[in-house]
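S.K.: Below are the sequence and a predicted model for it; my questions follow.
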Amino acid sequence: MTQVAEIVTFTLAAGISDAEFVALSQASEAFVRATPGFLHRQLSKGMDGRWTDYVIWQDMETAQRVAASFPSQDFAPALMAAIAPGSAEMRHEEVHWQMMAA
């Protein structure tokens, strides 16, 4: 079975601080953790101000199922409102190699 990386890049909406956005993202933690097939997640911000939400799923079916159900979760409206309109790009990629700390 091939793991899948869900990579979402975006910028924040005007007036949303980094701390506010991290808190909004953390509100999705219970949903993501409870999803069978969840393996790893990290949230980062680049020097250019763009954010990346990077999630590793067990397989493509799981990644697509979760992506489809995410907008209907109770935390989603506030999280999505914190992202600048038109700035979000999501893609799913098969993981072909990974390296972990020893």
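M.R.: Perfect, thanks for sending it. Quick caveat, the model's predicted, so the values are computed rather than measured.
S.K.: I'd like to know how many residues surround F10.
M.R.: 20 (other CB atoms under 10 Å). C-beta coordinates here come from the backbone N, C-alpha and C atoms, glycine included.
S.K.: Likewise for A82?
M.R.: Other residues lying near A82 total 18 when counted by other CB under 10 Å.
S.K.: isn't it right next to V22, touching?
M.R.: No. With contacts counted by CB atoms under 8 Å, A82 stays clear of V22, the gap being 10.2 Å.
S.K.: Only C-alpha atoms, please: export whichever strand or helix holds F21 in CSV.
M.R.: Assessed by DSSP states H and E, F21 sits inside helix 18-26. Only the C-alpha atoms of helix 18-26 are listed here, as CSV (Å, rounded to 0.1, in the frame of the first residue of the first chain):
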residue,chain,number,x,y,z
ASP,A,18,-0.2,33.1,13.2
ALA,A,19,-1.2,32.2,16.7
GLU,A,20,-4.9,32.5,15.8
PHE,A,21,-4.5,30.3,12.8
VAL,A,22,-2.5,27.6,14.7
ALA,A,23,-5.3,27.5,17.3
LEU,A,24,-7.9,27.1,14.6
SER,A,25,-5.9,24.3,13.0
GLN,A,26,-5.5,22.6,16.3
